[in-house]
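>>> Show me how the following folds:
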Amino acid sequence: MSKITLVAILAIALIVGCSNDDGTKPPTETTFIRLLNIAHDDTIGLDLSVVDRKVTSGVKSGKSSGYVLAGVSGDVIKVGIHFAGKDSAQVSSVQRMYTGGSFTAYAFPPIKTFSFSFDDDVRRPMAGKACINLVNGISDGGQLSLAYTDDSLLLGPLRYTVVSDYSDIDAGTYPFSVLQLGNSTFEIAYDSVRLDQNTSYTLALMGTLTDADSWGVIARLYNNNVGGSTYQDLRVSTDRGSIQVVHAVPGAGPISVNLDGSATASINNLAFSNQSPYIDLAPGQHTATVLASGSPVITDATFLVAQRGLKTLFGSGRLFPPNVVLLELVDLKKPLVPNETSVRVVHLSADAPNLDGYVVTPTGDLKIDECQDLSFRKASYSDTFTSAFFSRVPSTYTIVFKKAGTNQVVIGPTTIVLKAGKIITLWIGGLSASAKLYTVTHN
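Modelled structure (predicted):
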């Protein structure tokens with residue numbers, strides 16, 4: 001056979017191979033669709049068809065087909081899901097698919113009588129943001145919600161087989177939790193996971209809550225911008241909380257902290273005004289012994305750790321007369337207002353009077369409403385946020401503290417730079433003759 005004849009045969013084969021059965025070219029309209037099989041009890045797989053043409057096959061339980069070209073658009077597009085290898089759809093419905101859109105068909109258990117939902121996907125979040133939606137595929141879970149960071153609800157509550165709308169969220173690292181409507185003791189807490197900017201995600205909850213079967217709960221996070229099939233499973237968080245310690249005892253040498261009776265210090269050589277890193281501990285009651293220059297100044301002080309909570313322990317008071325205690329304050333895990341600074345102020349100068357806080361401006365001193373009549377070991381308070389923390393627009397501020405109800409300056413003008421998204425504690429430390437304003441950073 002001549003080379004020319006062979007080339008011609010190959011060309012014909014390619015043309016035939018890229019045509020539909022009726023000899024026409026395959027569809028080219030840029031509509032995309034994927035099948036997400038969240039039927040935990042499926043052992044065979046599922047196929048997806050659009051207008052009776054199979055577009056993807058053999059999608060196993062817990063897997064996504066990834067986005068494939070649907071090739072059609074309109075208001076009455078028939079979408080069907082088949083048991084793997086079967087020609088007729090087990091379930092089908094008419095859907096609206098528009099050119100340029102991306103869509104997902106979700107298959108829900110039980111597989112023998114599975115149902116499906118069809119939704120429009122957002123694959124282009126708001127610029128600089130991430131976005132995420134939630135799928136409740138847990139048949140015995142009731143109405144479930146997705147919470148993040150400080151148990152703030154992000155999505156839900158959703159009934160079984162319901163898919164939420166997409167929600168924009170700042171890119172960043174979040175510890176997610178799944179909560180159950182009407183059950184305040186139910187929480188599945190997960191380790192932190194990163195959401196990248198300009199990326200869309202789908203979080204599918206699969207499996208069952210009951211211990212009577214072999215299907216546990218899976219929280220599977222699909223990345224919708226990398227073909228729509230890649231995923232990571234969120235890891236259930238170990239029950240832990242975190243504390244940090246601040247040395248706020250004037251005149252005391254570097255401190256060490258031994259926890260729960262251990263002979264080995266968990267924190268070493270912490271100088272006055274410094275803060276330790278956060279230390280992970282199991283939830284519940286703990287004890288701390290604090291030594292300054294090797295001599296105990298606090299012995300077996302008790303404190304509580306909350307699951308996934310943050311807390312700062314201030315070693316406060318003075319050595320003579322002896323009055324050193326650990327002051328426990330609960331920390332924020334996210335700013336009160338995005339793109340602003342969350343601030344807490346604590347009075348830790350043992351011999352200073354009650355204090356009022358002011359911001360110095362060219363036209364006079366402006367009262368800081370959250371920082372009035374602060375007494376020793378007391379923190380600021382915000383009526384707006386019902387919290388010791390309050391929120392301020394990022395900027396450079398000059399602050400003074402005066403004896404409460406007077407113009408007598410106790411803490412002279414101090415420049416503070418507040419940065420967007422940061423959480424800080426400003427604490428007044430040292431004895432009154434030389435007291436200063438110090439800063440603890442929490443994130």
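>>> Ignoring the adjacent residues along the chain, who's closest to Pro338?
In this structure, Pro338 finds its nearest non-sequential neighbour in Asp170, 6.1 Å apart by Cβ to Cβ, 6 or more residues apart in numbering. For glycine as for every other residue, the C-beta is placed from the backbone atoms N, C-alpha and C.
>>> meant to ask about Val79, not that
Gln95 (5.1 Å).
>>> can you list contacts of the strand or helix carrying that neighbour?
Counting by DSSP states H and E, the element that carries Gln95 is strand 91-97. Identification of contacts with strand 91-97 by Cβ atoms under 8 Å, 6 or more residues apart in numbering yields 31, 33, 49-50, 70, 72-81, 103, 114-116, 118.
>>> let's go with 6 Å and repeat that
Here strand 91-97 makes contact (Cβ atoms under 6 Å, 6 or more residues apart in numbering) with 31, 73, 75-81, 116, 118.
>>> picking up where we left off before, the residue nearest to Pro338: neighbour count?
For Asp170, the neighbour count with other Cβ atoms under 10 Å is 15.
>>> And it, what's its pLDDT?
Asp170 is assigned a predicted lDDT (pLDDT) of 91.
>>> for Leu14, same thing?
32.
>>> one step back: so of the contacts of strand 91-97, which ones are in strands?
Secondary structure from DSSP state E places 31, 75-81, 116, 118 of those in strands.
>>> rewinding a little: measure the residue nearest to Pro338 to Lys419 for me?
Distance of Asp170 to Lys419, given as Cβ to Cβ, to the nearest Å: 15 Å.
>>> Please apply the same query to Thr363.
Distance, Thr363 to Lys419, by Cβ to Cβ: 25 Å.
>>> More neighbours: which of the two?
Higher neighbour count among Thr363 and Lys419: Lys419, with 11 against 5, using other Cβ under 10 Å.
>>> How about the contacts made by the nearest residue to the more buried one once chain neighbours are set aside?
Nearest residue to Lys419, sequence neighbours excluded (Cβ to Cβ, 6+ apart): Pro394, at 5.5 Å. For Pro394, the residues meeting the contact criterion (Cβ under 6 Å, 6+ apart) are 341, 418-420.
>>> Make CSV out of those and add pLDDT and secondary structure.
Output for the contacts of Pro394, formatted as CSV (pLDDT from 0 to 100; DSSP: H, G, I helix; E, B strand; the rest coil):
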residue, pLDDT, secondary structure
Thr341, 97, strand
Leu418, 97, strand
Lys419, 96, coil
Ala420, 94, coil
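>>> In PyMOL, select just the buried ones from those residues.
This is how PyMOL selects the buried members of the contacts of Pro394, with burial counted by 16 or more other Cβ atoms under 10 Å:
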select buried, resi 341+418
